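Student: just to be clear, the model below is a prediction. Sequence and coordinates:
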Amino acid sequence: MYDAIVIGARCSGASTAMLLARRGHRVLVVDRSSFPSDVISTHFLWPHGMSYLNRWGLLEQVLAVTPAQTEIDVVNEGIRLTGSVPAELLRAYFRDLHGDDSGVVRTYASIRRSVLDQILVQAAAKAGAEVRTNCTVRGLIVEDGHVVGIRGRTSDGQLIEERARIVVGADGRNSFVARTLGLPKFDERPRCTFAYWSYYSGFSLETAQLHRRGRLACAVVPTNFEQNMVLVWGPSEWSREFRADVPGNYQRALDFVSPELGELVRAQGTREERIYGTLDQAAFLRPLHGPGWVLVGDAESFKDQCTAIGMTHAFRDAELASAALDRWLSGGAPIDETMAWYEGRRRGQDAAAYYDYVCTLAEMRPYRHDELQLFVALRGNQQEIDRFIATHADVAPVSEFFQASNLFLLNDAAKETSAGYPIFEDFAATSRMYQQNPFA
Amino acid sequence: MTTGLDQREDGELIEIILDAARRGDVTTMARTAAEVSEMTRNWATHIPWDDFATLDGADDELAQVVADLEEMWEPAYLRKPVDPDEEYALDKNAYDFYRPAGRNLLTRTEDYYGWVLARRRTETWQYSRVLEAAPGSIAEITNDLGRRTRGINFNSQDYLSFNTHPAIRAAAERAMRDYGPHSAGSPMVLGNTRISDELERALGDLVGLEHVTLFPTGWAAGFGVVVGLVRQEDHILIDRLAHSCLQQGARAATRNVVRYEHLNVESVRQHLVDIRSRDTRNGVLVVTDGLFSVDADWPDLVSLQQVCREYDATLLVDVAHDLGSMGPGGTGVLGLQGLLGSVDIVMGAFSKTFCSNGGFVASNSPALKQYIKMFGGSHFFSNALSPVQTAVVLEAARIIRSPEGDELRGRLFAAIDALRDELTTRGLTCMGEPSPIVPLLIGNEKLARVANRLLFDRGVLAFMVEFPVTPTGSSRFRLQVQAGHRPEEAREAARIIEGAIADSRAYLSSAFGSAAK
Ligand SMILES: Cc1cc2nc3c(=O)[nH]c(=O)nc-3n(C[C@H](O)[C@H](O)[C@H](O)COP(=O)(O)OP(=O)(O)OC[C@H]3O[C@@H](n4cnc5c(N)ncnc54)[C@H](O)[C@@H]3O)c2cc1C
Ligand SMILES: Cc1ncc(COP(=O)(O)O)c(C=O)c1O
C-alpha cells in the first residue's frame, strides 16, 4: 500500500513523485516508457520553469549540459522586441501562487526531453520514490466509486497490481486515467496550430528567436548536443497542404517568416534528425480531481504549443498538487479542502485569462493593425517590453498588461512610429495576402 | 536514442497505418508502427503501437484505433462546427479595434462596426439599450435589435430613487417656469442663475469645503480640474482604476504619469520619494476615486492625504458615487473617514445620486476656484448646467442632508445587504464593500456575455462591464442598487442571476470559476 501512485514519469509525474517522496510519503511512479527517451515537445522552458528546477535543486544538472540565456528576441512582422523576464515579476509569481519566492532565476533554456525527463526521473528515485519504467497501466482499481489502485503490465509481460490512498494522473494529453474514468473535456478550443520541427547543427545563436509573419511563425532556439531546435508553425487549417511536402514546406515556411533565419538554416545548418510534427493540439480542460484521483500537467489542461508553456505548467501543477496532497496525507486538512485549494489556484480568473490568450494566439490570425502598432509603441520602452514578455509567458497576469489605462500610457510613451516598417505600407492588401494558404 | 535522417516523417507513416487499418491489414500496421518516432509513440499513448499485430480485424478495437488516429490527424476544428458569428462576437474585445488601419478616418471604422454587428446579431451587445419609461426599481427596456423586456433594474444610476421623487419633480417644474429649459451661456458669461450660487453653497456645506465650481457633467469636472492645474513638467500619480475622465485628463496634461497599484498608499509614498529626489520644483497631483465605480472599494484617504502633505503633493478625490448615497448624513467616504473639509480637492458628479447631469470641484481655496474656472477648459468653454438641472441638484442636496435622506439611505442599504447576502450565499463573489455598487465578479468575457444574453429574458437588468472598463479577463456585472429596491426584489434578482451564470457555464462547457487567483 502506497500513499500515492503517480502514472506518468515526465514533467508533471516525476516532479510530483519527487516532491511527495521528499516530504516522506511512500510513492510509486510508473511509466510505460523507458528513460532516457523523447516525447513530442519543442521543450522550451521559460524562466519560471527554470526557477522550479532551481527550487528543486536540479538546475545545475540541467545547465551542465544545456545552454541557457536571458534575453529573447520576439519579432513580429519585422518589429523586433528584445527583452527578458524581470526578477521582480518572477518573485511576485511565486509568492502569489506558492506563497514563497525562493530560487528565482531569469534564464530560459531549451532542454531535450530525453535529457530533462531523465534528470527528473532520477531525482524522483533519489528522493525515495519507487520508479517503475516500461510498465503500462491498463486498469484502475475502483471500489465504491473510489480509485484505490492500478493494474498494469511490464514490457516483459508481468502483471502488477498496486494500491494507494491517491492515484495521480500525470499521463499526458491522452491521459489513460481520464479516458478510463470517462472524464469530460471543458472549454474545448479546436482551433490550434500545426507544428513541425527538427534539430540542426552547424550554427550558433546568441538568443532564442521567435518570429511571426502573417499566419505563420518560426522559432530557432539553441538546445543540447550543440544543436538548434528549428520549429515552424501555422494554422491547422493549412496542415493538409503543408503535409503534401513536409521538407519543402518546412523550409518554405522558414523563408517566408524570416528570410535571414531561412538562409542561416539552409546555408549553415545540417539537419541531424527527421522532421517531427503534429497538429493534434486542440486545447481543453478536464476535471481536476475526484474520489481517489487527481490530475496534473497535460492531463488536466492541454494548450497549444504556441507559447511554449506546457512543461512549465506541468512543474507548477506538480508543486501545487504535491503541496495539497502533502497537507492531506500528513493529516493537516481533509482532502476536499486541499483539493479545493488546488482547484482555486488552477481555475481562477488569471488562469482563465491566460488560457484565452493562448487559445486566441493559436488561431494564428494575422496580427491586427492595433497589435502591431502596440509592438511599435513598445520599442524603446524596456520595462514594458519585459512586462509584455512576462505576460506572454504567463509570469505576469494578462489583466495587468491588457488594461485600458496601461495601453493608453504605452501609446503616450511611444518613442518610435510605424514609419520604418513595410507591413504598414499597404496593410489591408498585405493582410488579405496573408489569408492565402501558401502551401496550396 | 533512435535518430536518423533516413526515417520517414510520422505523418507519412500514420497515413499508411490509417490506410491499412481501414483495410484491416494489421501486418502493415505493425510493420509501419515500428518506424514511428519515439516522440510520437510516447505522446500518443492511447494508440496501442506495439500491439497492432494482435488486433482482430473484426473487432471494434480496430475501429477505435482508426477513430483515435483520425482524431490525431485531422484538424480538430472540422469536428466541431461553430457559429462563426457567435465565435467572432465572443472572442474579440473592444481593444482589438483601438488602432484601426488606413488613412481614411471614415472607412477605417468599419472593422469595428462589423464586430458590433456580430455582437448585436448574437444578442451579446450590452450597450445602447433604451428605456421605455422612467428607470425605477423595475424598468422596461428595448435592446438594439428592438426586442423589449422588463425586469428588476440594476442598470440605472439613481441611488436614492430621486427620479420619481415628487419634491425633485416639483423643483424641476418650478425652475422650468421661472427660467425656462436653457441656460444660454457659459457660466463665465451669463449661463448661471441665482440658484447656481445657492447650489455651490449647498455642495460646499456637504463636503465641508468653501469654494465650489460647477461643471456641465461629472466627466467635465474631472477632466477640467486635472488639465486646469497640471502642466507638462508636473507629475501625476493616479490609481490604476480611477475613472476615465481623470485618466484622460492626466494623459492630456503631462507625460509624467504613474499609475499606481490600486489603493496602495505605500506605493504612492515610494513614487513620491522617487519624484522628489529628482524634482523639487514642480507639482505633483495624486488622483483617486472615493468609492471606485467598478470595484466598490475605497482608499485609506487619511493616510493618502497625509502622505501627500509630507511630499508637497496635492490630493484630488472623486466622490461621484459615494457623495449623497452613503456615509453619515450623506457625506460619503469623506464623512466615513472623518475628512470633511480636510481633503485638498474634491470633485463629484451629480449623475449617480443627485438625479441630474453635472459635476463640481470643491476646495478651500478661492484662488484655485478662480484658476480652474479660467483654465479648466470644460468650465469656461462649455454651456452652463441648465436651470432645471441646477434646481434638481439643489433639491437633491437638501433631501440628502435631511432626515429623509437618512431614511432613504437606510432603505438603500437594506436592499444592498439583501443582494450581497443572497449572491454570496449562492457561492458567487461580490467584490468590494457594501455600497450602492455591487460588482459581481465573472472573469471570462465569453461567460459574462452569454450570461448577459440570458439575463435579458429572465427579468433582471444588469450592466455587464468588460474591457476597456475592466482589465482583460476580469469582466463582471455591475449592479447598481436604488433606495426603491425592496430587499425581496434584490434576493429574487440574485437567484435569477445565479441561474443565468450556471446555465452560461454549461452552455460554454466551461470549467473556469471566477475566483481572483
Ligand atoms: C508540438 C508541441 C510542442 C511543445 N513545446 C513545448 C515547449 O516548447 N515548452 C513547453 O513548456 N511545453 C511544450 N509543449 C507542451 C509539453 O510538451 C507538455 O505540456 C508536457 O510534456 C506535459 O508534461 P506531462 O508530464 O503532463 O505529460 P507527458 O510529457 O505527455 O508525459 C506523460 C507520460 O505518461 C506516460 N503514460 C501515459 N499513459 C500511461 C499509462 N497508461 N501507463 C503508464 N504510463 C503512461 C507516458 O508514457 C508519458 O511518459 C509542447 C507540446 C507540443 C504538442
Ligand atoms: C467615478 C466617476 N467620476 C466621474 C464620472 C463622470 O460623471 P458624469 O457621468 O456625470 O459625466 C463618473 C460616471 O461615469 C464616475 O463613475
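Tutor: Nice, I can see it. Ligands and ions are numbered 1, 2, ... in the order given.
Student: secondary structure element for B:Leu214?
Tutor: strand B:211-215 (DSSP states H and E).
Student: tally up the residues packed near A:Pro422, please.
Tutor: 9 (other Cβ atoms under 10 Å in any protein chain shown). The C-beta positions use only the backbone N, C-alpha and C, and glycine is treated the same way.
Student: I'd guessed it sits against A:Gly78; true?
Tutor: Yes - in terms of Cβ atoms under 8 Å, A:Pro422 counts as a neighbour of A:Gly78; the distance is 6.9 Å.
Student: hey, what's in contact with both of the two?
Tutor: Common contacts of A:Pro422 and A:Gly78 (Cβ atoms under 8 Å, 6 or more residues apart in numbering or on different chains): none found.
Student: per-domain residue ranges of the chain.
Tutor: No chain specified, so I'll use chain A. What automatic domain parsing lists as the domains of chain A is A:2-39+A:111-187+A:283-353, A:193-278.
Student: my bad, the chain I had in mind was chain B
Tutor: Domain assignment for chain B by automatic domain parsing gives B:10-78, B:84-118, B:123-156+B:404-508, B:184-383.
Student: now do the contacts for B:Leu438.
Tutor: Not quite, residue B:438 is Val, not Leu. B:Val438 neighbours (Cβ under 8 Å, 6+ apart): B:154, B:296, B:416, B:419-420, B:423, B:430, B:478-481.
Student: quick revisit: can I get the domains of chain B in a markdown table including mean pLDDT?
Tutor: A markdown table is the format used below for those (pLDDT from 0 to 100):
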| stretch | mean pLDDT |
| --- | --- |
| domain B:10-78 | 90 |
| domain B:84-118 | 83 |
| domain B:123-156+B:404-508 | 93 |
| domain B:184-383 | 97 |
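Student: can you tell me, leaving aside adjacent residues, what's nearest to whichever residue of chain B sits closest to chain A?
Tutor: Using Cβ to the nearest Cβ, the closest approach of chain B to chain A is made by B:Gly473 at 2.7 Å. Distances taken as Cβ to Cβ, 6 or more residues apart in numbering or on different chains place A:Ala353 nearest to B:Gly473, at 2.7 Å, with adjacent residues excluded.
Student: next one: phi and psi at the one you found?
Tutor: The phi and psi values for A:Ala353, taken as degrees, to the nearest 10, are phi -70, psi -40.
Student: what sits against it?
Tutor: Counting by Cβ under 8 Å, 6+ apart, A:Ala353 touches A:397-399, B:443-444, B:472-474.
Student: farthest-separated two in these?
Tutor: Distance extremes for these: the farthest pair is A:Pro397 and B:Asn444 at 13.6 Å, using Cβ to Cβ.
Student: what sits in contact with each of these two?
Tutor: Common contacts of A:Pro397 and B:Asn444 (Cβ under 8 Å, 6+ apart): A:353, B:473.
Student: and the next element down the chain from the strand holding B:Leu214?
Tutor: For strand B:211-215, the succeeding helix or strand toward the C-terminus, using DSSP H and E, is helix B:218-229.
Student: in chain A, where is pLDDT below threshold?
Tutor: By pLDDT under 70, chain A has no low-scoring segment.
Student: on contacts alone, who are the packing partners of the helix or strand hosting B:Leu206?
Tutor: For B:Leu206, the host element (DSSP H and E) is helix B:194-207. If you count contacts as 3 or more Cβ pairs under 8 Å, 6 or more residues apart in numbering or on different chains; DSSP states H and E, helix B:194-207 packs onto strand B:211-215, strand B:345-349, strand B:359-363, helix B:387-401.
Student: and the angle for that helix with helix B:387-401?
Tutor: Following axes from the mean of the first three to the mean of the last three Cα atoms, to 10 degrees, one obtains 30 degrees for the angle between helix B:194-207 and helix B:387-401.
Student: could you pull out the strands for chain B?
Tutor: Using DSSP state E, the strands of chain B run over residues B:130-131, B:138-142, B:148-154, B:211-215, B:235-239, B:257-260, B:284-289, B:314-318, B:345-349, B:359-363, B:437-443, B:460-465, B:475-480.
Student: quick one: distance of the last one to the chain centre.
Tutor: This means strand B:475-480. Once both centres are worked out by Cα atoms, centre = their mean, to the nearest Å, strand B:475-480 turns out to sit 7 Å from its chain's centre.
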